[in-house]
Structure formats: structure tokens, C-alpha cells
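Student: I would like to see how this sequence folds:
(one chain, ligands or ions: 2)
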Amino acid sequence: MRQLLVIVLAAGEGTRMRSARPKVLHAVAGRPMVAHVLDAALEAGAAHVAVVIGPDHDAVAAEVRRVAPQAEVFVQAERRGTAHAVLAARAALERGFDDVVVMYGDTPLVQPETIAALRAPLTEGAAVAVLGFRPPDPTGYGRLVTEGGELVAIREEKEASAEERAIGLCNAGLMALDGRAALDLLGRVDDANAKQEFYLTDVVAIARALGGRAGVCEVAAEDVAGVNSRAQLAEAEAIFQRRLRARVLEAGVTLVAPETVFLSADTSFGRDVIVEPNVCFGPGVRVEDGATIRAFSHVEGAHVGPGAIVGPFARLRPGAELGQGVHVGNFVEIKASDLAPGAKVNHLSYVGDSSVGANTNIGAGTITCNYDGFRKHRTVIGANAFVGTNSLLVAPVSVGDGAYIGTGSVITDDVPADALAIGRARQVNKPGLAARLRARLSAGLAPKK
Ligand code: UD1
Ligand code: MG
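Tutor: Residues are numbered from 1 along each chain as shown. Ligands and ions are numbered 1, 2, ... in the order given. A predicted model of the protein is given here:
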């Protein structure tokens, strides 16, 4: 097995994003771009990963530690070009690996198979290998200059002749280097060019001059699209969503209108789940076998048990745990709450920081009042209980198994098991009083038309 070092360049300024956030932290499918790149590197079998970040990019370092704690972070103090950035990870290169792959933190669509294909020429003795692609508009990309089918150089747009600019095959950016030659090749790169930068792409001509060979592997533009602007971020999102939808359809999920369902990279589905149109899945969702997510629901950080029904127009927020067969209906919000099997919250309710026992029915318009303006408090409801319509449960409060809460109650005291609790003003009927009241109020007015 050839040992692989992946170096991820993420020191970009990302000025065209017009954002306070470092570019590589912008999300695609609910996950920062750099996290997708790290996923691909690890899935491709990297023995070691080094990430090169810009100064003041502590947030990028924190994200790298979260996704890949084993990765090593290097800071490129000054932005002097892509070869200069790779050399910021010199300490990792010096440890000696068979293959070195350079990836960009703003290229989130790269798949592990693409990395494997890029490495293939190295096993056949090439000193360097690059990924070629044919973008609809090659402006701005380095062009792959070939002679007799062999790659001889990469010419950056700024240095390219008119003839070279006409070349359609472009450099995707990812590069594989023979680990034994890498430091020598990188050390020979200079900054004698239009941008006065150390171009990683010069390594191709340098390797050739030293008698080495450079391989090219051509890939689909979709796999290597880079993100420099919000428009390109949206394009990358669209490609990623298409891939995720195809994957879940293949895994046995019914998406009634796939193009209207938005998934996160980690959304997990069991078999025979049905997702109706216009549903949005944020990060951290697991939906089990046979559950149905009805139209216009928003689900994030939630677990939906087998056979449960959610929506239409439901919102599940982080920490929503729905057991088997639970029903959560229209205009219901659930946050940080466990609903045991068979529990039902069908209409117009908020259940937060709560636990609801098995087969308990929560009536329309029920609100758990979990926040006093300073702290959150829990509501605990037992099994087989019934909470009448339009009740307020003022937490902290508990409702025992089998208890019954009268409609329109404001519950501030714990309710024992099997008790009936009514917390509302008693109704008073005054016979004939409405007619007398009407007569008094209308005295002296013209009759209504
Ligand atoms: C680069 C390639 C070009 C290729 C294109 C594909 C070079 C010289 N050119 O051009 O052939 O067609 O990518 O998108 O490599 N970075 C650093 N530190 C630096 C400079 C760059 O970390 O000092 C990082 C950036 O954050 C980015 C990546 O390297 O992730 C590429 O840099 P960028 O300036 O976008 O290069 P391009 O001009 O796009
Ligand atoms: Mg770029």
C-alpha cells in the first residue's frame, strides 16, 4: 500500500464572496466546504492530512480539528502562491510519503474516486499528475500544454500566448506528486511571472526538465468545480443536491418531487421512507424505516422513528426524538424533546424541553412554556395522558401517567397520575342578560340596515 499525504490549501482570502467568514467555511449541503474536502481525503485513504490556512483563520483550524482531529494545521503567513502554500506544510512533506496529493479547500465536489484516478499515473512512474477538465469557459484557468499526447507544461492565463489560451483542456487544480521528488521539485519553483507568485503548476515543466514524466487524468467539470463567488457556491450546492437525491433514491427512499427536497450531506434514511415535496433537511437528521415526511416540513438535528408521520408544515428542531409511530402534524414545532412511541401532537403546538410518554395525546394549540426569560425548564408528561386543546404547561411541571387536562387550562402545578386537572375560570351563564345588554347599548341609535 502506497502511503498518501494529502495537503489541503485553504489560505484563500475569498474576497469575491464578500463575506466576513473565511471562504472555505461557507457551507454546501449543510457542511463547510473544507469539511467535504477533508472527507474525500480521508475516504481516499490518506495516511496523513495537512491543512494550510491563512493567518487569523482560527475558525478554519477549529473546523479542521472537529472534522479530522488527526489532521495537522499549518499557517501560511503570507500569500505568495500555491507552491509557497504547499511548502508551508514542509514538516509533513519531510516525513516522507509515497504519494502527495494537493487539494483546494474551495473545491467541495471532489470525490474519493477522483483522488484515486489522479494517483494512478504515479504508480506507473510519473513524477507528477494533474487533473484536466474542459470548462464551458476556460478563462482564468491554467491551460494544459501537451506535445504528442504528453503533458509538458501548465500555462497560467496571465502568461499564456493567444495560441495557448485557445486550449480547452484546463488544470482543475488538484495535483499528485511523487513523494520522494516533491520537496526537490517545489524547491525549484520561482516567482518570475506576471503575478510574482510561486506557482505550483510550474512543477510540471520542472519535472520534465529533470527527465520525469507528467500524467493527466481527465475528469468531468462537475467533480472539480471551484467556488470563488456566491453564484459558484449556489452552483456547487445544486450539483451536490443532485448527487444526494440520486443516492437516497437508490437507497430506497421515495422522493415525490426530488428537485424540491433539500438534503444535508449526513441525512440518513431507512427503507420505504416517503418524503413529500418541498421538505428541507438540515444537518444531523436520521429518519427510520417507513416514516413519512409530509410536504413543507423543516427538519434539523432530529431523529424520526419507524413509521412516524411528520407534517405537513412541521418543524423539528435539534434534539427532537420521535419514537415509533409518533404523529407530528401541521404547524407543530418540536425542540429538544422525546416523544415516546404512539404519542400524537397533531395541530398548532410547541413542545420544547419536554418528554411525552407513550400514546399520550397533545391537543391542538398546546404550548409548553419552557422559558422564563432567563432559563429553560422541562415539562414531563407521562404515558396515556390527554392534554386538552389550547392548554399551557408552565415549566417546570410534570403530568402523571393517565392524567387528563381540561381544555384551555394553564397548568402551573404538577398533575398526579390519573388525575383530572382543570386550570381555567369557571363559566357563568346569566339568562336573558344578552338581550338586555343589546337594548341598553343600542338605545338612541338608528336601526341597523
Ligand atoms: C489555480 C491554478 C490554475 C488552475 C486553477 C483551478 C496555480 C498557479 N494555478 O489558479 O492552474 O486552473 O487553480 O481552480 O496553482 N492558495 C493558498 N495560498 C496562496 C495562494 C493560493 O492557500 O498563496 C490556495 C487558495 O486558497 C485556493 C488555491 O490555493 O484554495 C488556489 O489558489 P487560487 O488563487 O484560487 O488559484 P487560481 O488562480 O484559481
Ligand atoms: Mg481559484
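
Student: CA only for contacts and neighbour counts going forward, please
Tutor: Fine.

Student: what's the neighbour count on the residue of the chain at minimum distance from ligand 1?
Tutor: Proximity of the chain to ligand 1 (Cα to the nearest ligand atom) peaks at residue 12, 2.9 Å away. Look at residue 12: counted by other Cα atoms under 10 Å, it has 18 neighbours.

Student: and it, how far from residue 85?
Tutor: 10 Å (Cα to Cα, to the nearest Å).

Student: ditto for residue 67
Tutor: With Cα to Cα as the criterion, residue 67 and residue 85 are 21 Å apart.

Student: tell me which of those two has more neighbours.
Tutor: Comparing residue 67 with residue 85 by neighbour count (other Cα under 10 Å), the higher total belongs to residue 85, at 28 against 15.

Student: hang on, the earlier thing: tell me the confidence at the residue of the chain closest to ligand 1?
Tutor: If you check residue 12, the pLDDT there is 78.

Student: repeat that for residue 203.
Tutor: pLDDT, read off for residue 203, is 98.

Student: please apply the same query to residue 149.
Tutor: 86.

Student: likewise residue 298?
Tutor: Residue 298 is assigned 98 on the pLDDT scale.

Student: name whatever forms a beta bridge with it.
Tutor: Counting by DSSP bridges, residue 298 forms beta bridges with residue 280, residue 315.

Student: quick one, what contacts it?
Tutor: For residue 298, the contacting residues are 279-282, 313-316, by Cα atoms under 8 Å, 6 or more residues apart in numbering.

Student: ok, and the most crowded of the residues you listed?
Tutor: Counting by other Cα under 10 Å, residue 316 has the largest number of neighbours within these, with 29 neighbours.

Student: mind listing what it touches?
Tutor: Residue 316 makes contact with 298-302, 333-335 under the criterion Cα under 8 Å, 6+ apart.

Student: just the ones of the residues you listed in strands?
Tutor: 298-299, 333-335 (DSSP state E).

Student: can you lay out those residues as a markdown table showing distance to ligand 1?
Tutor: Shown next, in a markdown table, are those (distance: Cα to the nearest ligand atom, whole Å):
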| residue | distance to ligand 1 |
| --- | --- |
| 298 | 33 |
| 299 | 32 |
| 333 | 40 |
| 334 | 40 |
| 335 | 38 |
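
Student: near ligand 1, which residues of the protein show up?
Tutor: Within reach of ligand 1 by Cα under 6 Å from any ligand atom, the chain has these residues: 9-12, 79-82, 85, 104-106, 141-142, 156, 170-173, 199-201, 226.

Student: those, buried ones only, as a ChimeraX selection?
Tutor: Of the residues of the chain next to ligand 1, the buried ones can be selected in ChimeraX as follows, counting by 16 or more other Cα atoms under 10 Å:
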select :9,10,11,12,81,82,85,104,105,106,141,142,156,170,171,172,173,199,200,201,226
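
Student: wait, a helix at residue 85?
Tutor: Yes: looking at residue 85 with DSSP: H, G, I helix; E, B strand; the rest coil, it is inside a helix.

Student: near residue 17, how many other residues are there?
Tutor: 18.

Student: surely it meets residue 234?
Tutor: No: with contacts counted by Cα atoms under 8 Å, residue 17 stays clear of residue 234, the gap being 11.6 Å.

Student: list the buried residues of stretch 419-429.
Tutor: 421-423.

Student: ends of that stretch, what's the gap?
Tutor: 27 Å.

Student: now find how far off-centre it is within its chain.
Tutor: Chain-centre distance of stretch 419-429: 48 Å, with Cα atoms, centre = their mean, to the nearest Å.

Student: number the residues from 417 up from this point.
Tutor: Done: numbering now begins at 417, and the last item shifts to stretch 835-845.

Student: identify the residues contacting that stretch?
Tutor: Contacts of stretch 835-845 (Cα under 8 Å, 6+ apart): 816, 818-827, 831.

Student: what would the residues you listed look like in JSON lines with distance to residue 490, neighbour count and secondary structure?
Tutor: As requested, those are exported to JSON lines (distance: Cα to Cα, whole Å; neighbours: other Cα atoms under 10 Å; DSSP: H, G, I helix; E, B strand; the rest coil):
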{"residue": "816", "distance to residue 490": "57", "neighbour count": "19", "secondary structure": "coil"}
{"residue": "818", "distance to residue 490": "60", "neighbour count": "20", "secondary structure": "coil"}
{"residue": "819", "distance to residue 490": "60", "neighbour count": "22", "secondary structure": "coil"}
{"residue": "820", "distance to residue 490": "62", "neighbour count": "22", "secondary structure": "strand"}
{"residue": "821", "distance to residue 490": "61", "neighbour count": "24", "secondary structure": "strand"}
{"residue": "822", "distance to residue 490": "63", "neighbour count": "19", "secondary structure": "coil"}
{"residue": "823", "distance to residue 490": "62", "neighbour count": "20", "secondary structure": "coil"}
{"residue": "824", "distance to residue 490": "61", "neighbour count": "19", "secondary structure": "coil"}
{"residue": "825", "distance to residue 490": "60", "neighbour count": "20", "secondary structure": "coil"}
{"residue": "826", "distance to residue 490": "58", "neighbour count": "20", "secondary structure": "strand"}
{"residue": "827", "distance to residue 490": "57", "neighbour count": "23", "secondary structure": "strand"}
{"residue": "831", "distance to residue 490": "59", "neighbour count": "20", "secondary structure": "strand"}
